[in-house]
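Asker: give me coordinates for this.
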Amino acid sequence: MNSPVDPTSTPAWAELENLHRSLDVDFRKWFAEEPNRAQQFTLRAGDLTVDLSRNYLNQQVRDTLVSLAAQVDLAGRRDAMFGGDRINTTEDRSVLHVALRLPKGAELDVDGVNVVDQVHEVLDREISFAEAVRSGERGGVTGKPITTVVNIGIGGSDLGPVMVYEALKPYKHDRIECRFISNIDPADMYEKTHDLDAETTLFIVASKTFTTLETMTNARMAKNWLINSLQSSGAIDGTAESRARAIKRHFVAVSTNAEKVSEFGIDHANMFGFWDWVGGRYSVDSAVGLSALIAIGPDNWQDFLEGFLAIDKHFMITPIAENVPALMGLLNVFYSNFYNAQSHVVLPYSQYLHRFPAYLQQLTMESNGKSTRWDTSPVTTETGEIFWGEPGTNGQHAFYQLLHQGTRVIPADFIGFARPAHALTEAGADVHDLFMSNFFAQTQALAFGKTADEVRAEGTPEPLVPARVFSGNRPTTSILAPELSPRILGELIALYEHITFTEGAVWGIDSFDQWGVELGKTLAKNIAPLLTAGDEALMSQDSSTMSLIRAYKAMRAGNR
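Answerer: Next up is the predicted model:
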């Protein structure tokens, strides 16, 4: 196992420390003195136009960040990932979500196997299944066409599909609605199923091992709901044969555990696999995205995959100085490690992207929330960012106050689109233009602020002037695209995948394991029996857990 380069030991890191101390960030001055600044720091990646000019960036900073990338061998680690090397060191696995979008006929060998052939074998089966559902040929046990697809998964098996489905609703089949169950809270199952027609409902159970506690609990509840509903309506009788036939017609699996899938009652022909070289948070373009594929159809899905591929190619071949995901990742490191920026906000100006910040939370925080490097030695810097956000003008009326006048450095990514899915007018005015005017105004206000003299010139009483001053110099990146299409959504996802990769490469961490999610899951299995056991069983627990469980049991019994 090769040890990562300690970024703090590099000459570039020392130079960044000097630049941080000496850099006088003044966007008003910078833009006045550099007429071509916006042009100089605006780049293209696929269909995305990315304006970095309102970041703490000048030519010297960019050159030093590029040097840092070279000194930690970002390009080498990138090439190792794309080449199938086992860069997920703690699990001894390749990291090949990029193989999921390679075209048929491409070659990428891992241990003597061309994984692209495997990808397309599964994809072809997914497409055939999706087409049968969409056409009505593949109906339920009574032959009625499927109208609702319910995806049961958690983590990457939920956040990815639901985000893509919500983002691409304008492209979905008119007859088919998708719903998503992830939380083990019974309310989630109830709300997603209580008003459905069992005869026209298809469940997709997404769990690589088919043992995930939350997913399999929900899957068993869904099975009970289906059988009870079909029997109550007279659609099936109570025989084991009819129940088994119903499960085969109404359940499919996204999994690699054929034995467990069979035990559940799902036909192997309706099992779609993926591989240990695909992490859950990187899996939406695998069979994990089957629900979205059914909704938007194979042609749109192919466009979606081509969007990923466009950014993959950009990341692979573009020099770092012009490489959009590399530069954005390097800037995030600069903010995190030199400006103590602990969070990063993503602000999509599209209601259809309302789940995109949540999706990025898992992608970035599960990947880079690490305190050891890929050789298990301690990290030498702060790592990870707290990702958050809300769509469009909703956020403006919630937390933009903190962005504009708070005391923290919070880098912000604004994502906007030129053409709306639904062009509407109000009083003769284009509402999308009004919407996007907020995008441009907010980025301008964050960059340039408002001085005390400008506030006074508006006639503001002197005692109120300080409260109405905006300091400006708040870092933002603006990402513009023609429209929110399947291709461009794929580009956006791949962009943030490679941003995340870049940060992890600099910090020297394994961005592809997730041991931090395991301990709580293990303890939950141990604690669950205690909720119905006698009081003496609690004595093995710490005093806080013991007290909380006693209070919970009392409340369940109606004693409080």
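Asker: just give me the residue closest to the centre of the protein.
Answerer: Tyr359 (2.7 Å; CA atoms, centre = their mean).
Asker: residues in contact with it?
Answerer: Each residue near Tyr359 by CB atoms under 8 Å, 6 or more residues apart in numbering is listed here: Leu159, Gly160, Met163, Ile493. (Glycine included, C-beta is placed from N, CA and C.)
Asker: now do the helices in the stretch 401-550 of the chain.
Answerer: 431-448, 452-457, 486-507, 518-527, 543-556 (DSSP state H, counting those that start in this stretch).
Asker: so how many other residues sit close to the spatially closest residue to Leu424 that is not a sequence neighbour?
Answerer: Spatial nearest neighbour of Leu424, chain neighbours left out: Val431 (4.9 Å); criterion: CB to CB, 6 or more residues apart in numbering. The number of residues packed around Val431, counting by other CB atoms under 10 Å, is 14.
Asker: kindly compare burial across the helices of the stretch 401-550 of the chain and name the winner.
Answerer: Greatest average neighbour count among the helices of the stretch 401-550 of the chain goes to helix 486-507 (a mean of 26), per mean count of other CB atoms under 10 Å.
Asker: show me what it is packed up against.
Answerer: Helix 486-507 sits against strand 48-51, helix 59-71, helix 74-82, helix 298-317, helix 324-338, helix 356-361, helix 367-368, strand 476-483, with contacts defined as 3 or more CB pairs under 8 Å, 6 or more residues apart in numbering; DSSP states H and E.
Asker: outside of the third one, which residues touch it?
Answerer: With CB under 8 Å, 6+ apart as the contact definition, helix 74-82 has outside contacts at 69, 87, 95-96, 98, 312, 315-316, 320, 326, 501-502, 505-506.
Asker: most neighbours of all those residues, which one?
Answerer: Neighbour count (other CB under 10 Å) singles out Val506 as the most crowded of these, with 31 neighbours.
Asker: wait, that residue touches Val72, no?
Answerer: Yes - between Val506 and Val72 there is a contact at 5.4 Å, judged by CB atoms under 8 Å.
Asker: what touches both of those two?
Answerer: Residues touching both Val506 and Val72 comprise Pro7, with contact defined as CB under 8 Å, 6+ apart.
Asker: which stretch in the helices of the stretch 401-550 of the chain is the model least sure about?
Answerer: Here the lowest mean pLDDT among these goes to helix 518-527, at a mean of 81.
Asker: now that helix and helix 543-556, what's the angle there?
Answerer: 50 degrees (axes from the mean of the first three to the mean of the last three CA atoms, to 10 degrees).
Asker: what is helix 518-527 packed up against?
Answerer: The contact analysis (3+ CB pairs under 8 Å, 6+ apart) places helix 518-527 against helix 213-233.
Asker: in the helix it packs on, what counts as buried?
Answerer: Using 16 or more other CB atoms under 10 Å as the test for burial, helix 213-233 gives 214-216, 218-219, 221-223, 225-227, 229-231.
Asker: now stretch 245-255
Answerer: Applying a neighbour-count criterion of 16+ other CB under 10 Å, the buried positions in stretch 245-255 are Ala246, Ile247, Arg249, His250, Phe251, Val252, Ala253, Val254, Ser255.
Asker: ditto for stretch 305-315
Answerer: Those would be Leu305, Glu306, Gly307, Phe308, Leu309, Ala310, Ile311, Asp312, His314, Phe315, for stretch 305-315 by 16+ other CB under 10 Å.
Asker: cool, stretch 155-162 as well?
Answerer: Gly155, Gly156, Ser157, Asp158, Leu159, Gly160, Pro161, Val162.
Asker: can I get it in PDB? Just the C-alpha atoms.
Answerer: What follows is stretch 155-162 as a C-alpha-only set of coordinates in PDB (Å, rounded to 0.1, in the frame of the first residue of the first chain):
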ATOM      1  CA  GLY A 155     -28.600   5.800   1.200                       C
ATOM      2  CA  GLY A 156     -27.300   5.700  -2.400                       C
ATOM      3  CA  SER A 157     -30.100   3.300  -3.300                       C
ATOM      4  CA  ASP A 158     -32.600   6.000  -2.500                       C
ATOM      5  CA  LEU A 159     -31.000   9.400  -2.700                       C
ATOM      6  CA  GLY A 160     -29.800   8.900  -6.300                       C
ATOM      7  CA  PRO A 161     -33.000   7.500  -7.800                       C
ATOM      8  CA  VAL A 162     -35.300  10.000  -6.100                       C
END
